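Chemist: Got a sequence here, can you model it:
(4 chains)
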2 protein chains.
Amino acid sequence: MTSPIDAARRPRRDALENRAGILAAAHVALAHDPRASVDAIARQAGLSRRALYGHFDDRDALVRELVAQGAARFNAVAASIDDADARVALARLAAALWNEAAHVQVLAAIALDEAHLEETATALAPLRRAVVHIVRDGQDADVLRTDVAAPTLARLVEETARTVITRIDASSPAARDLAVRAVLSIAGLSWRQADALLHEHPEIVATPEAASA
Amino acid sequence: MTSPIDAARRPRRDALENRAGILAAAHVALAHDPRASVDAIARQAGLSRRALYGHFDDRDALVRELVAQGAARFNAVAASIDDADARVALARLAAALWNEAAHVQVLAAIALDEAHLEETATALAPLRRAVVHIVRDGQDADVLRTDVAAPTLARLVEETARTVITRIDASSPAARDLAVRAVLSIAGLSWRQADALLHEHPEIVATPEAASA
DNA sequence: ATTAACTTGCACAGCAGTGTGCAAGTTATC
DNA sequence: GATAACTTGCACACTGCTGTGCAAGTTAAT
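Modeler: Numbers count the residues shown, from 1 in each chain, chains lettered A, B, ... in the order given. So this is what the prediction gives:
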């Protein structure tokens, strides 16, 4: 047993579950409406508004945690891309981010709030650096367009991925394919070149079930 | 002179100017922040909040007028495109919309509010129809990508134009060029094909000053 | 079984916004 | 110069949100 002085009984299991539940609820609620009220989030989590304030100091703290969660996932994705061919790297990155569509939606929605603009920017810095790196490589190897400066092209790629993932119906199986093709197109490939590339690397747009089978 | 019974002196000139000033102010304020307060808009117009309510029933009426104004411009632009080559038509449309960048920003910002979603949708219907029409023609002539269904491609084109116009710095002279190239890329052209097309039709990305000289 | 952790519901203060009424002032138009 | 149109400033009621305090209840851990 722990000493009764500095003991401070450890947090209850249900409390931890509730905290996670709030984050999940916020995930859903904020993706739908980035300025959903604390009450709406708490309700979605099956808790009272008052209880939520027992887990998070204020609305901002909750949002910040969501941003941190999402950014961690994205940056892990970015770190996992290591293809030598920049075109393949871009395609794989787009496909991987599509798998995180739900998180992309939340982050994109939150980033629209002036309040969290620079916060999301710094959290996503590693991902942005990875994109710039891929684009530079691709331009040096003359496999990506060179009529647009690398930083601009990286931005274009990022915006295209965000747009196609968050604004086109992401439920259909064709959506991942579309996201990948859109990114390749904006990077300078013709649609036939993109098509050929995806035939050469069928695993990029393979569904997770097929990959695990 | 008019009869003293149904006379009702005509509205004062300064009142008309103020009304126009409010719309201009709303244009600026809402492009910056789609949920700017009535007070902020009135201040920007150099009027009191109270005076604004003399010109518009409520905030919604003001927003609706802005949407109608912008939609009218866009639909006029869409109607003016009559190139036989779908690629040229798309390029010209993108360039023309870039000239309306300020209006695109306002409309896009307003459209983000759930409240005005279907309103903006119906107002922009003619523009959307024009894009679908161009895309269909291009696919039939085999000059645009055919790996994506026409409605989806039209949507993709629209989103790309909106994204590049509203989210990339629109002040630099290269921005119009970028908008046009992005649209052509998403439509399936390689960056070299797009480049060649723009060299064949230099007037598309010509600056208004150069065109009038 | 006891205890501390947790949740709830309510009340409260505060903030920011909307839309209205009204009296008093200014100003374009007749 | 008379008059109606317009603007202003203030007060007001209302809504919807945030964050806090507190008493009372419930529940997991010890």
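Chemist: Flag the shaky bits of chain A, pLDDT-wise.
Modeler: Along chain A, segments meeting pLDDT under 70 span A:1-8, A:208-213.
Chemist: Any residues of it in contact with chain B? List them.
Modeler: Residues of chain A lying close to chain B (C-beta under 8 Å from any C-beta of the partner chain) are A:33, A:112, A:114, A:145-148, A:152, A:155-156, A:159-160, A:163-164, A:167-168, A:178, A:181-182, A:185-186, A:188-191, A:193, A:195. To be clear about C-beta, it is placed using only N, CA and C from the backbone, and glycine gets the same treatment.
Chemist: Filter these down to the buried ones.
Modeler: Burial by neighbour count, judged by 16 or more other C-beta atoms under 10 Å in any protein chain shown, picks out A:145, A:148, A:155-156, A:159-160, A:163-164, A:167-168, A:178, A:181-182, A:185-186, A:188-191, A:193, A:195 from these.
Chemist: any idea which element the residue most central in space within chain A lies in?
Modeler: Taking C-alpha atoms, centre = their mean as the criterion, A:Val104 is the residue nearest the geometric centre of chain A, at 3.5 Å. Secondary structure assigned from DSSP states H and E places A:Val104 in helix A:101-111.
Chemist: Of all the residues in that helix, which ones are buried?
Modeler: Residues of helix A:101-111 classed as buried: A:Ala101, A:His103, A:Val104, A:Gln105, A:Val106, A:Leu107, A:Ala108, A:Ala109, A:Ile110, A:Ala111 (neighbour count, 16+ other C-beta under 10 Å).
Chemist: swap in stretch A:173-183?
Modeler: Across stretch A:173-183, burial judged by 16+ other C-beta under 10 Å covers A:Ala175, A:Arg176, A:Asp177, A:Leu178, A:Ala179, A:Val180, A:Arg181, A:Ala182, A:Val183.
Chemist: dump the residue contacts of the residue nearest to the centre of chain A.
Modeler: A:Gly70, A:Phe74, A:Leu97, A:Arg162, A:Ile165, A:Thr166 (C-beta atoms under 8 Å, 6 or more residues apart in numbering or on different chains).
Chemist: where do the helices sit along chain A?
Modeler: Counting by DSSP state H, one finds helices in chain A at the ranges A:13-32, A:38-44, A:49-55, A:59-79, A:86-99, A:101-111, A:117-123, A:125-140, A:150-167, A:174-186, A:191-200, A:208-212.
Chemist: so which of those helices is the most packed in?
Modeler: Across the helices of chain A, the average number of neighbours (mean count of other C-beta atoms under 10 Å in any protein chain shown) peaks for helix A:174-186, which reaches a mean of 24.
Chemist: How far away from the center of its chain is that one?
Modeler: Here the centre of helix A:174-186 is set off from its chain's centre by 16 Å, with C-alpha atoms, centre = their mean, to the nearest Å.
Chemist: Which pair of the contacts of A:Val104 spans the longest distance?
Modeler: Spanning the widest gap among the contacts of A:Val104 are A:Phe74 and A:Thr166, at 13.6 Å by C-beta to C-beta.
Chemist: quick one: A:Trp98 from A:Val132, how far?
Modeler: Note on A:Trp98: its distance to A:Val132, by C-beta to C-beta, to the nearest Å, is 20 Å.
Chemist: how about the residues of chain A that lie near DNA strand C?
Modeler: Applying C-beta under 7 Å from any atom of the strand, we find that chain A lies next to DNA strand C at A:8-9, A:11-12, A:14-15, A:18, A:46-48, A:50-51, A:54-55.
Chemist: For those, give me TSV that also has distance to A:Ala84.
Modeler: Listed next are the residues of chain A next to DNA strand C as TSV, based on distance: C-beta to C-beta, whole Å:
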residue	distance to A:Ala84
A:Ala8	53
A:Arg9	54
A:Pro11	47
A:Arg12	51
A:Asp14	50
A:Ala15	48
A:Asn18	47
A:Gly46	49
A:Leu47	49
A:Ser48	54
A:Arg50	55
A:Ala51	52
A:Gly54	51
A:His55	46
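Chemist: out of those residues, which one sits closest to B:Ala89?
Modeler: Taking the residues of chain A next to DNA strand C together and measuring to B:Ala89 by C-beta to C-beta, the closest member is A:Gly46, at 53.2 Å.
Chemist: The closest one: neighbour count?
Modeler: Counted with other C-beta atoms under 10 Å in any protein chain shown, the neighbours of A:Gly46 add up to 11.
Chemist: So it versus A:Asn75, what's the distance?
Modeler: Counting by C-beta to C-beta, the separation of A:Gly46 from A:Asn75 is 31 Å.
Chemist: DNA strand D contacts on chain A?
Modeler: Counting by C-beta under 7 Å from any atom of the strand, chain A comes close to DNA strand D at A:1, A:9-10, A:12-14, A:37-40, A:49-50, A:53, A:57-60.
Chemist: Skipping its backbone neighbours, what lies nearest A:Ala111 in space?
Modeler: Spatial nearest neighbour of A:Ala111, chain neighbours left out: A:Thr120 (4.3 Å); criterion: C-beta to C-beta, 6 or more residues apart in numbering or on different chains.
Chemist: Contact partners for that neighbour?
Modeler: Applying C-beta under 8 Å, 6+ apart to A:Thr120 gives the contacts A:Val67, A:Ala71, A:Leu107, A:Ile110, A:Ala111.
Chemist: let's go with 7 Å and repeat that
Modeler: A:Val67, A:Leu107, A:Ile110, A:Ala111 (C-beta atoms under 7 Å, 6 or more residues apart in numbering or on different chains).
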